[in-house]
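> The following block contains a protein sequence and its predicted model.
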Amino acid sequence: QKEVEQDPGPLSVPEGAIVSLNCTYSNSAFQYFMWYRQYSRKGPELLMYTYSSGNKEDGRFTAQVDKSSKYISLFIRDSQPSDSATYLCAMIVSGSARQLTFGSGTQLTVLP
Amino acid sequence: SAVISQKPSRDICQRGTSLTIQCQVDSQVTMMFWYRQQPGQSLTLIATANQGSEATYESGFVIDKFPISRPNLTFSTLTVSNMSPEDSSIYLCSVDSGKETQYFGPGTRLLVL
């Protein structure tokens, strides 16, 4: 079993839809959670970073962490064609030399 | 956030040759990381590079195949040695942000024929 599971998609939605991207994890020592966006032929771009359980909002993006269920989500409101990318969840065990553990990535296409 | 550049951005190489990839960051950072991302796959950590010490390699990666240099706090190189078509991949460097997360460079796309 992988430490981090992420549905690879592909996910295709119409413009304006609410998108929900999810990851589950098995290691309860993960304490820091990130979402990266990766456009085709580009490096991953840090989108959201959270530490504790609960929600964190940044514009159209909301990151949600539920440590009791070992489940994290990224919600995108009013999705735009420019949101079309691969979204990677990533996690760190504090004090682990800052080594990220990545999900496999979800490929999202927002249709105009 | 740090601004990270990589050279070359892409290359096509012959089997048996070596390629050195450079990673430059616009500020001093303690930890730099090298990843490989094969087509359609997620990122796999190759090694962690700290200035002034030997790189730490992950399981499945060895120094003879992927030698790394870290001469100062803003620069690192990764060499892919004795390449085979299986080494065709995107190679990414990243830096520790100081806040339990990382920023990534744009990547180097390598094709080995």
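Arrived safely, thanks for sending. Because the structure is predicted, anything quoted here is derived from the model rather than measured.
> got a list of what the nearest residue to B:Thr56 once chain neighbours are set aside touches?
Nearest residue to B:Thr56, sequence neighbours excluded (C-beta to C-beta, 6 or more residues apart in numbering or on different chains): B:Thr48, at 4.7 Å. All C-beta atoms are positioned from the backbone trio N, CA, C, and that covers glycine. Contact analysis of B:Thr48 by C-beta atoms under 8 Å, 6 or more residues apart in numbering or on different chains lists A:97, A:99, B:31-33, B:55-56.
> Just list whatever residues bridge to B:Thr48.
Per DSSP bridges, the residues bridged to B:Thr48 are B:Phe33, B:Thr56.
> Relative to A:Met91, how far out is it?
17 Å (C-beta to C-beta, to the nearest Å).
> element containing A:Lys56, please.
Remark: A:Lys56 resides in strand A:54-58, with elements defined by DSSP states H and E.
> Okay, strands next: where are they in the chain?
Since you didn't name a chain, this refers to chain A. Taking DSSP state E as the test, the strands found in chain A are A:4-6, A:11-14, A:19-25, A:30-38, A:45-50, A:54-58, A:61-66, A:71-76, A:85-93, A:100-102, A:106-111.
> Hmm, no, I was thinking of chain B.
B:4-7, B:10-13, B:19-25, B:31-37, B:43-50, B:56-57, B:68-72, B:75-80, B:89-96, B:102-104, B:108-112.
> Give me the nearest residue to A:Ser94, chain neighbours excluded.
A:Gln31 (4.6 Å).
> Quick check: residues of chain A near chain B?
Within chain A, the positions near chain B by C-beta under 8 Å from any C-beta of the partner chain are A:31-32, A:34, A:36, A:41-46, A:49, A:51, A:88, A:90, A:92, A:94, A:97-100, A:102-105.
> Need the buried ones from these selected in ChimeraX.
This is the ChimeraX syntax for the buried subset of these, where burial follows 16 or more other C-beta atoms under 10 Å in any protein chain shown:
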select /A:31,32,34,36,43,44,45,46,49,88,90,92,98,100,102,103,104,105
